[in-house]
Structures are given as structure tokens and as C-alpha cells.
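K.L.:
return a 3D structure for these sequence lines:
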Amino acid sequence: MIRTAQCNCGGLTIRVDGDPDLVAVCHCEFCQRRTGSVLGVSAYFADEQVLEIIGKTTCYEREQDGGKMLYYYFCPVCSGGTHWTTEWHPGHTGISGGAFFDPSFPKPERAVMCKHAQPWITLDPDIRIIEDANNN
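P.N.:
Now for the predicted structure:
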């Protein structure tokens, strides 16, 4: 199954083959700021599953908690972020779950950085809760 994720204006598209290896909800400060919401939904695909990236990107680099680097790619026109790579998940490309706009997309299996979660957030009880990035 080919899945397609896009930025807000459609100028940046990423196509992948199959289901992600991992879908996670993240409550860290970066994910809250990058999404403009109270959490991020991240889908991690093996690099071999990434078929193509179409369009121009701008890259924002930052050091994550624990000193690992993150490379976040977004559209230079609409600023919509689609994907990233990180030293936390080598050999994988992270893609924003919402960029797929697909109601059949797999649900998250874990929630990370829950120590930063808004107190009113309630998740499905089947989702594994991880307090910080060092306890995955």
C-alpha cells in the first residue's frame, strides 16, 4: 500500500510503501511547538519504505534531549512540516501522522515524554505510556 503525506500547500509530498514500524504520540516541548498543538503524532518508516520526496524542503537542525540530533524538514512556502530524521531512530524517517490525512492510518502504540503532557489529555488505555525519552 502506497501512502502519501503532504504539507499544507501540497508543494512538499513524501510517498512511502506500507505501514510504519512505529506510531507514537509525543508530548515534548518541541512537538507541541512544531505542531501548534498539545502533542505530535509521529509515524516511523524504515528508510527503505520511503519511495520519494517531491518538492523543496528547508531543514531545521536541533539537539534533542540527551544530545542526539534531529533534522526536521518543512515546506519553504507554507512552513508545513512533513518529515524528519533523528539519531534516536537511525535508519528510519519520521513523518507527521496528520500529514497523511488518512482515517485508516494505524493508531499510536505508545506515548512518549508524558511528563510534559497536558493534564487534561486522555489516551486510549492500549497505548503504552513512557514518561521521558530515556525509558522507551
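K.L.:
could you pull out the strands for the protein?
P.N.:
2-6, 13-17, 22-26, 40-46, 50-54, 58-63, 69-74, 81-86, 92-96, 110-112, 128-129 (DSSP state E).
K.L.:
mean confidence score for the longest one?
P.N.:
Over the span of strand 40-46, the pLDDT mean works out to 94.
K.L.:
got the angle for that strand vs strand 92-96?
P.N.:
Counting by axes from the mean of the first three to the mean of the last three C-alpha atoms, to 10 degrees, strand 40-46 lies at 150 degrees to strand 92-96.
K.L.:
what about strand 40-46, distance to the chain center?
P.N.:
4 Å (C-alpha atoms, centre = their mean, to the nearest Å).
K.L.:
helices and strands around that strand, which ones?
P.N.:
Counting contacts by 3 or more C-beta pairs under 8 Å, 6 or more residues apart in numbering; DSSP states H and E, strand 40-46 is packed against strand 22-26, helix 29-35, strand 92-96. The C-beta positions use only the backbone N, C-alpha and C, and glycine is treated the same way.
K.L.:
what are the buried residues along the longest one?
P.N.:
Of all the residues in helix 29-35, those buried under the rule 16 or more other C-beta atoms under 10 Å are 30-32, 34.
K.L.:
residue nearest the centroid of this structure?
P.N.:
Geometric centre of the chain, nearest residue: Ser42, 2.8 Å, by C-alpha atoms, centre = their mean.
K.L.:
helices or strands up against the lowest-mean-pLDDT helix or strand in the chain?
P.N.:
With mean pLDDT, DSSP states H and E as the measure, the helix or strand of the chain carrying the lowest mean pLDDT is helix 29-35 (a mean of 84). Judged by 3+ C-beta pairs under 8 Å, 6+ apart, helix 29-35 is in contact with strand 40-46.
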